[in-house]
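1. build me a model:
(2 chains)
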Protein chains: 2
Amino acid sequence: MLSSRAALGQARGTAAVGQPMPYGVKLPDNPQRAKRPDSVGFAIVGLGGYALNQMMPRFEQAERAHVAALVSGNPDKLQRVADAYGVPPQSRYSYEVFADIASNRGIDAVYIALPSGLHAEWTERAFAAGKHVLCEKPMALSSAECERMIAAARRADRKLMIAYRCHFEPYNLQAMDLMGQGAVGQLRLIRTEQSYRMGPTSPMENWRANRALAGGGPLEDYGIYGLQAALYLSGEMPESISATAFRPSNDPRFAEIFAHVSSQLRFPSGAVAQLVTSYDSAGINAAEARGTEGALMMQPATAYSGNEMVLEAGRDRRKFAPGDSTVQFARQLDHLADAIRDGAQIRTPGEMGLRDLRLIEAIYGSAETGRTILLNPDGTRRS
Amino acid sequence: MLSSRAALGQARGTAAVGQPMPYGVKLPDNPQRAKRPDSVGFAIVGLGGYALNQMMPRFEQAERAHVAALVSGNPDKLQRVADAYGVPPQSRYSYEVFADIASNRGIDAVYIALPSGLHAEWTERAFAAGKHVLCEKPMALSSAECERMIAAARRADRKLMIAYRCHFEPYNLQAMDLMGQGAVGQLRLIRTEQSYRMGPTSPMENWRANRALAGGGPLEDYGIYGLQAALYLSGEMPESISATAFRPSNDPRFAEIFAHVSSQLRFPSGAVAQLVTSYDSAGINAAEARGTEGALMMQPATAYSGNEMVLEAGRDRRKFAPGDSTVQFARQLDHLADAIRDGAQIRTPGEMGLRDLRLIEAIYGSAETGRTILLNPDGTRRS
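-> This next block holds a predicted model:
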């Protein structure tokens, strides 16, 4: 496991001291502001582009969460990021000494921002150290891994939350509300599309192209937003799934992963969701729900910021502006803090991540066998 | 058959003399202008809304086609429409005396605008009378019917053309050109959606809700435009199809037909088409093709007029205006005239209609069995 991390670090080219940070990262000029006394301290595990560019800068907006510790396999990066965020030397860890976080009382929770194939192992290690866990999506690469992670949380009596940020994003929250109020009438169709074109790379250069770390590829990493949207916009679980997956030949990007996954989910109401996700088509991030009375269209649907939403009903076209999308990061941090401190119920628990991995497995199962997979309400296979 | 027509005529309420025409029809103020001496004379079979509102007024724009005769089960309507178009009394037929068209040398071709379930029979009757045939889409309700129609055309040594007007519509023609030139790069995804919400009705009131006349419903009548677009935008035939179909319970509109049909076609290139068609969702007529370099978006995609088309590539967004959509009707009439007079090859022959019915049968077959249907290049089943 650690050797995978090390290999990835080398393949990416880690910055030497004094060189610019990778991923175009701009570190903060000042350490974190003081938070409430009951603020939850997070150990950030994995200082990749997502953690550095998206999540860590958003702790600033959180009321009750702060960066308390960092875990990285790159000593130089560890030092520079820790200095910028004001993380003291005793709260800087390599993977080798990760278990030492157990005795650090400033760490309440661990935020797992590692490549997906490492989520299960490091989540279990975090629970073994007695910490709560916020784990990035996808929760893991198989439902079996998810079940192990949930069991580990129970054994440790700690919270497990999946970082499904759209459950805290104003546009998606308003979309859920509108759909719940029947804004499109009876739902008939959901269509989602999460695609971009991956630049030249290979499984050794980019973890997203590496099956052991990324599973089938775009579905787990990007298409999962569309899958999630299909579920929270419909308010249903699919009763069947059919799918097809595509891998071009002789393309190093897709030596191990799929380029393109298309699936069709049928819900008990009769509504259908058609999902597409691709690492090899022109960029788009859209979700649309059409019913008997109108259509709700989101594009971009699940971006870090700048989401847009329109409701069409008859000749009316109404644009919504529920607010700043960027608050989604801080709100999910505060949400876990509330669960830890006040016992609030987690909106995006491990069970949701498990459910989604079951559906992802059904999608791949259908693509592989050319059969429609019938599902139980919990996402397990009926056929 | 005739009794079906009669029943439909009654159910719709046929207008008495002096009453306004049904379907909001406005008849022309002057008879047809003179055409070239080699203009092809068409007998219009079925004076329903589509013939009266769409096709017949567009003969005016055709260079080489004119309305030569009318066939209707409603004597009053027959008289009023014939008077308006200057069709002489000896060229006005009831269905009972349809065979008499054989001896009318002014009739070269028959335009079949009957409910879909009557296409096969009346096409065969037209060939038996020695006439060429332009048959509305869907060609028929089964591939077996299509094969009979093609055989009848061969026996009679007459032309059989399916009225797939989008093959003569400027926006769709330019879309085909752009796709052929690789305007979106390598194609990855086609999405089409042809839906509207059918008003309150029943199988006895509306032929489109009647299984014997409309087959499964929206797919044959409206979704077929999306199916066609998927084929002419991709330039491929699917190698497999999976589908799902939905019929709400206790809704007289859907006592016999499906409300909603969703399908997923996989092409040999790896591209996928996701098609949806519905008689029970908010109106839309859209087609979109996304590839490695960009996306071509059409909405409305296949309307009688007012189509729109945008090509997005990177940050460029280019709107196309290929011209007047309404010419599609006259151009398909002239196209058949050219085939009859000059031996030009028909772009939309019976074989194309047969191919599409095979795919429609595969869609229903997959929806019924929950299996992905594997196809040969001619659309016949491989599994």
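
2. tell me how far A:Phe254 lies from B:Ala301.
-> A:Phe254 sits at a distance of 31 Å from B:Ala301 (criterion: C-beta to C-beta, to the nearest Å). Bear in mind the C-beta positions are built from the backbone N, C-alpha and C, glycine included.

3. give me the more crowded residue out of those two.
-> Neighbours per residue (other C-beta atoms under 10 Å in any protein chain shown) separate A:Phe254 from B:Ala301, with B:Ala301 holding more: 26 against 22.

4. would you mind measuring from that one to A:Leu27?
-> Separation of B:Ala301 from A:Leu27 (C-beta to C-beta): 49 Å.

5. how about A:Ser195?
-> For A:Ser195, the distance to A:Leu27 (C-beta to C-beta) stands at 31 Å.

6. look at the two and report which has more neighbours.
-> Neighbour totals were compared for A:Ser195 and A:Leu27, and A:Ser195 leads with 25 against 13 (other C-beta under 10 Å).

7. bridged to that one, which residues?
-> Here A:Ser195 sits in beta bridges with A:Ser278, A:Ile284, going by DSSP bridges.

8. can you name the residue of the stretch 1-150 of chain A nearest to chain B?
-> Proximity of the stretch 1-150 of chain A to chain B (C-beta to the nearest C-beta) peaks at A:Gly24, 19.2 Å away.

9. isn't that residue up against A:Asn53?
-> Yes - between A:Gly24 and A:Asn53 there is a contact under C-beta atoms under 8 Å: 7.2 Å.

10. looking at these two, which one has more neighbours?
-> With neighbours defined as other C-beta under 10 Å, A:Gly24 and A:Asn53 compare such that A:Asn53 has more, 16 against 9.

11. so what's the residue count around A:Ser249?
-> Neighbour tally, A:Ser249, other C-beta under 10 Å: 7.

12. what does A:Ile162 give?
-> As a burial measure, A:Ile162 scores 30 neighbours (other C-beta under 10 Å).

13. what does stretch A:368-376 contact?
-> A:237-242, A:245, A:358-359, A:362, A:365-366, A:381-383, B:240, B:242, B:244, B:366, B:370-372, B:374 (C-beta atoms under 8 Å, 6 or more residues apart in numbering or on different chains).

14. cutoff 7 Å now
-> Stretch A:368-376 is contacted from outside by A:238-242, A:362, A:365-366, A:381-383, B:240, B:242, B:370-372, using C-beta atoms under 7 Å, 6 or more residues apart in numbering or on different chains.

15. which of the residues in that stretch are buried?
-> Applying a neighbour-count criterion of 16 or more other C-beta atoms under 10 Å in any protein chain shown, one finds A:Gly370, A:Arg371, A:Thr372, A:Ile373, A:Leu375 buried in stretch A:368-376.

16. do stretch A:347-356 as well
-> Judged by neighbour count using 16+ other C-beta under 10 Å, the buried positions of stretch A:347-356 are A:Thr348, A:Pro349, A:Gly350, A:Glu351, A:Met352, A:Gly353, A:Leu354, A:Arg355, A:Asp356.

17. do the same with stretch A:74-92
-> By 16+ other C-beta under 10 Å, the buried positions in stretch A:74-92 come out as A:Asn74, A:Lys77, A:Leu78, A:Gln79, A:Arg80, A:Val81, A:Ala82, A:Ala84, A:Tyr85, A:Val87, A:Ser91, A:Arg92.

18. on the pLDDT front, check the residue in the stretch 51-200 of chain A that chain B sits nearest to for me.
-> Nearest residue of the stretch 51-200 of chain A to chain B: A:Arg188, at 4.0 Å (C-beta to the nearest C-beta). In this model, A:Arg188 is scored at 97, pLDDT.

19. is it true that it touches A:Arg290?
-> Yes - with contact defined as C-beta atoms under 7 Å, A:Arg188 reaches A:Arg290; the gap is 5.7 Å.

20. which residues do the two both contact?
-> By C-beta under 7 Å, 6+ apart, A:Arg188 and A:Arg290 have these common neighbours: B:Ser281.

21. and the stretch 251-383 of chain A, which residues reach chain B?
-> With the criterion set to C-beta under 7 Å from any C-beta of the partner chain, the stretch 251-383 of chain A comes near chain B through A:260, A:262, A:264, A:266, A:270, A:272, A:274, A:276, A:278, A:280-282, A:284, A:290-295, A:370-372.

22. could you rerun that using 8 Å?
-> Residues of the stretch 251-383 of chain A found near chain B (C-beta under 8 Å from any C-beta of the partner chain) are A:259-260, A:262-264, A:266, A:270-272, A:274, A:276, A:278, A:280-282, A:284, A:290-295, A:312-314, A:366, A:370-372, A:374.

23. strands - which of the residues you listed land there?
-> Among these, the members found in strands (DSSP state E) are A:260, A:262-264, A:266, A:272, A:274, A:276, A:278, A:280-282, A:284, A:290-291, A:295, A:312-313, A:374.

24. tell me where the stretch 151-300 of chain A has helices.
-> Counting by DSSP state H, counting those that start in this stretch, the stretch 151-300 of chain A has helices at residues A:170-180, A:211-214, A:218, A:224-234.

25. chain center to the first one, what's the gap?
-> When you say that, I think you mean helix A:170-180. Mean-position distance between helix A:170-180 and its chain equals 19 Å (C-alpha atoms, centre = their mean, to the nearest Å).

26. in that helix, what's buried?
-> With burial defined by 16+ other C-beta under 10 Å, the residues of helix A:170-180 counted as buried are A:Pro170, A:Tyr171, A:Asn172, A:Leu173, A:Gln174, A:Ala175, A:Met176, A:Leu178, A:Met179.

27. pull that helix out as CSV, backbone CA atoms only.
-> Output in CSV follows, covering the C-alpha atoms of helix A:170-180 (Å, rounded to 0.1, in the frame of the first residue of the first chain):
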residue,chain,number,x,y,z
PRO,A,170,-27.3,24.9,-2.1
TYR,A,171,-28.3,24.2,-5.7
ASN,A,172,-28.5,20.4,-5.1
LEU,A,173,-30.4,21.0,-1.8
GLN,A,174,-32.9,23.2,-3.5
ALA,A,175,-33.2,20.7,-6.4
MET,A,176,-34.0,18.0,-3.8
ASP,A,177,-36.6,20.3,-2.2
LEU,A,178,-38.2,21.2,-5.6
MET,A,179,-38.4,17.5,-6.6
GLY,A,180,-39.9,16.6,-3.3
